[in-house]
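Engineer: how would this look folded up:
(one chain, ligands or ions: 1)
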Amino acid sequence: MILDTISDGNLYEENKVKVDEVWEKNRGGWERIIVEIIEILLKCPFSWEKLKEMKENKIEFWAADGLNLLRIIEMDEKRKSFYMVNQTGKITWPLRYQKLEEVHNKIHSGGTALISYEIDKLIPTWGNYIVGLFKYLGCDKV
Ligand SMILES: [Zn+2]
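Structural biologist: Sure thing, here's the model as predicted:
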């Protein structure tokens, strides 16, 4: 019965518009899903939430100078700034997330290179640490 219905060319012709609509809708769905997955894969995970996760999991990463093993030790939600500590226990000055976000946008838009010397021009003395953090997050790969 179903086979008869499917093989009924006239029925297909009658419903062609509807069938095409469903097809288009589902195809659009798959395209959206694929685009979303690609966007996720092409994006680095940088965000305030990601930094928080790094702090909670005590994630360590190397500064670009290769001398300081860093981790995020404290985050100030109110000021939206955070502190890092190196392997000797030396704690940094607070780094404002907004400032870091500006630099991050510049890196991904090609406005600046991910090298300490260039980052130092934007946030003096922070180049090594910021490059280390962004390299840990894979910003140099996307
Ligand atoms: Zn990034």
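Engineer: can we go C-alpha only for contacts and neighbour counts from here?
Structural biologist: Fine.
Engineer: Can you give me the distance of residue 108 to the ion?
Structural biologist: 6 Å (CA to the ion, to the nearest Å).
Engineer: correct me, but that residue touches residue 141?
Structural biologist: No - under the criterion of CA atoms under 8 Å, residue 108 makes no contact with residue 141, lying 10.0 Å away.
Engineer: which of the two has more neighbours?
Structural biologist: When neighbours are counted by other CA atoms under 10 Å, residue 108 and residue 141 differ, and residue 108 comes out ahead with 16 against 9.
Engineer: Ramachandran coordinates for the more buried one?
Structural biologist: With angles defined as degrees, to the nearest 10, residue 108 sits at phi -80, psi -20.
Engineer: what does residue 91 give?
Structural biologist: phi -100, psi 140.
Engineer: if I pick it, what's in contact with it?
Structural biologist: By CA atoms under 8 Å, 6 or more residues apart in numbering, the contact set of residue 91 is 83, 84, 85.
Engineer: ditto for residue 139
Structural biologist: By CA under 8 Å, 6+ apart, the neighbours of residue 139 are 44, 107, 108.
Engineer: try it again with 10 Å
Structural biologist: 42, 43, 44, 45, 46, 104, 107, 108, 114, 131, 133 (CA atoms under 10 Å, 6 or more residues apart in numbering).
Engineer: burial count for the third one?
Structural biologist: Each residue near residue 44 was counted by other CA under 10 Å, and the total is 18.
Engineer: ok, it to the ion distance?
Structural biologist: 5 Å.
Engineer: Surely residue 113 is in contact with residue 106?
Structural biologist: Yes - assessed by CA atoms under 10 Å, residue 113 is found in contact with residue 106 at 8.3 Å.
Engineer: Right, I'll leave it there.
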